[in-house]
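>>> this one's structure only:
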């Protein structure tokens, strides 16, 4: 992807030839780069507009825990840099929100949604955050996670926990196994960091900037390259001739009729781009996985919680409550009235504390992990069927779990939206809506480990031809970029007259 010129932008307090500015509802990285280079708006304009939009609607959505109090100062500094030396690259001045379990060495917290970690921080900022800062991003705030990634309890609240808030998904989501240091992980082996962005290309550009090896995350030593590829370059063209796309039919499970119809259209569209669909792809580990108990499946995902969290606690430089173990966290959670115990339990913590990691049960789980990573999983199936990617409607549980265990990348975005009149459905707890009019349902692409470029190329080509269908946004803020720019220009003219 091309970046800005090294020459300083032609900077104007106002632009009389400016046409209508892009709405923040649809703005992408290219729009931001063009606007900054042409002086249509400033980084400070972007930060102010986004901050106002958060203020206007987040009381309802509760998706942002806190806004960076230094965001406007950072924006001013980046604006000055544009005037003197030009933009650093495609992410210069781009506001970005990080999840609250990613450590930033600033005035914001990094608590994984838990009150007991308020004020607790390691000495080092997460490399993801540091890399994004280096690329010129403005870390605008922190997004709300479910507390401890829902590994604390069995009766998590759906909408709100203490000061912590919940939001909904963006348009393109790519989950990869890049540097995860400075992030509270429920498992050192299956956890990943993902990008939520406007489209596949924006996702790819952010990935290129954020990813990298870290001596604080040994898993990154397995990367087959030292320099991260420019993943944005994979977003060119739509010719998928020679690409083989596998469909693990028996692992998709039951989907809504609308999803099945949309997925059939999607496969036809991929075929129309030249790809070859290969149906009935099977994983060698499918039968073994289906034969496991719910407890064994839980152990695959949660068996590492205790050692992973305690490893993170050992990195804390500031630790107000002196937390050293998962038991400490459990006891403090019970004692802190903001954590609302026992109305919201700590069963997940207690489950992890009860495990004997040298038991036969754990040895069997480790054997299953090894089988999935070896001949039983996604990568082995792709070898057998000579596939470039797998694709499913929705993020099907078995492929999703196998990808997590194998540390393989996943990219998803809306395939369509449930129509008006669709009957509302809820999850097994009865308090979370999963199906309803206007709710999006995704398509998921699964790639080989460290083959993000192929995954991105295929998803980008598909995104270019697929029509997700009509949808209506539920609630919108009032402020947009153009309004903020006009206010600044008006203030500038008033100051000039004075």
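Cool, got the structure. All of these numbers come straight from a predicted model, not from anything done at the bench.
>>> where do the helices sit along the stretch 51-200 of the chain?
Ranges of helices in the stretch 51-200 of the chain, per DSSP state H, counting those that start in this stretch, are 71-85, 127-134, 200-210.
>>> measure stretch 417-430 end to end?
Using C-alpha to C-alpha, to the nearest Å, the gap from the first to the last residue of stretch 417-430 comes to 21 Å.
>>> give me the residues contacting it.
Taking contacts as C-beta atoms under 8 Å, 6 or more residues apart in numbering, the residues outside stretch 417-430 that touch it are 155, 256, 258, 432-441, 468-471. Every C-beta, even on glycine, is put in place using the N, C-alpha and C of the backbone.
>>> who's in contact with residue 123?
Listed by C-beta under 8 Å, 6+ apart, the contact partners of residue 123 are 315, 317.
>>> helices - which of the contacts of stretch 417-430 land there?
residue 258 (DSSP state H).
>>> give the residue spans of this structure that score low on pLDDT.
For the chain, residues meeting the criterion pLDDT under 70 lie at 1-19, 156-188, 190, 495-498.
>>> among the contacts of stretch 417-430, name the buried ones.
Neighbour counting by 16 or more other C-beta atoms under 10 Å classes 256, 258, 435, 439, 440, 441, 468 among the contacts of stretch 417-430 as buried.
>>> turn those residues into TSV, including distance to residue 244.
Supplementary listing: the buried ones among the contacts of stretch 417-430 in TSV, determined by distance: C-beta to C-beta, whole Å:
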residue	distance to residue 244
256	27
258	27
435	32
439	32
440	27
441	25
468	25
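>>> quick one on the thing from earlier: for residue 295, which of the helices of the stretch 51-200 of the chain is the nearest?
Checking the helices of the stretch 51-200 of the chain against residue 295 by C-beta to C-beta gives helix 127-134 as the closest, at 33.0 Å.
>>> got the angle for the closest one vs helix 200-210?
With axes from the mean of the first three to the mean of the last three C-alpha atoms, to 10 degrees applied, the angle from helix 127-134 to helix 200-210 works out at 100 degrees.
>>> mind listing what's buried in helix 127-134?
Under 16+ other C-beta under 10 Å, the buried positions of helix 127-134 are 127, 128, 129, 130, 131, 132, 133.
>>> swap in stretch 138-156?
Judged by neighbour count (16+ other C-beta under 10 Å), stretch 138-156 contains these buried residues: 138-149, 151-153, 156.
>>> how about these, which pair is most distant?
The widest separation within the buried residues of stretch 138-156 (C-beta to C-beta) is 34.0 Å, between 138 and 153.
>>> hey, where'd the strands end up in the stretch 1-150 of the chain?
Ranges of strands in the stretch 1-150 of the chain, per DSSP state E, counting those that start in this stretch, are 64-67, 95-99, 121-122, 138-143.
>>> just put those in CSV and tack on distance to residue 331.
Shown next, in CSV, are the strands of the stretch 1-150 of the chain (distance: least, C-beta to C-beta, whole Å):
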stretch, distance to residue 331
strand 64-67, 24
strand 95-99, 26
strand 121-122, 21
strand 138-143, 26
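>>> residue 387: which of these is closest?
strand 95-99 (31.3 Å).
>>> parallel or antiparallel, list what pairs with that closest one.
Taking DSSP bridges as the criterion, strand 95-99 pairs within the sheet with strand 138-143 (parallel).
>>> ok and the partner strand relative to helix 71-85, angle-wise?
Comparing the axes of strand 138-143 and helix 71-85 via the same axes, to 10 degrees yields an angle of 160 degrees.
>>> tell me how far the residue nearest to residue 271 when sequence neighbours are not counted lies from residue 467.
By the measure of C-beta to C-beta, 6 or more residues apart in numbering, the closest residue to residue 271 outside its immediate chain neighbours is residue 277, 5.9 Å from it. Separation of residue 277 from residue 467 (C-beta to C-beta, to the nearest Å) stands at 19 Å.
>>> neighbour-wise, which of those two wins?
The neighbour comparison of residue 277 against residue 467 (other C-beta atoms under 10 Å) goes to residue 277, with 16 against 9.
>>> would you say the more buried one is within a strand?
Yes - going by DSSP: H, G, I helix; E, B strand; the rest coil, the assignment for residue 277 places it inside a strand.
>>> from residue 321, how far off is it?
54 Å.
>>> next one: residue 221
With distances defined as C-beta to C-beta, the gap from residue 221 to residue 321 amounts to 33 Å.
>>> which one of the two is surrounded by more residues?
The neighbour count for residue 221 versus residue 321, taken as other C-beta under 10 Å, is higher for residue 321 (17 against 9).
>>> so what's residue 273 closest to, chain neighbours aside?
For residue 273, ignoring the flanking residues on the chain, the nearest one in space by C-beta to C-beta, 6+ apart is residue 240 at 4.2 Å.
>>> isn't the one you found right next to residue 461, touching?
Yes - counting by C-beta atoms under 8 Å, a contact exists between residue 240 and residue 461, whose distance comes to 5.6 Å.
>>> find residues that contact each of the two.
Contacts common to residue 240 and residue 461, judged by C-beta under 8 Å, 6+ apart, are residue 273.
>>> neighbour-wise, which of these two wins?
Between residue 240 and residue 461, counting by other C-beta under 10 Å, residue 461 is the more crowded of the two (24 against 20).
>>> having no further points to raise, I will conclude here.
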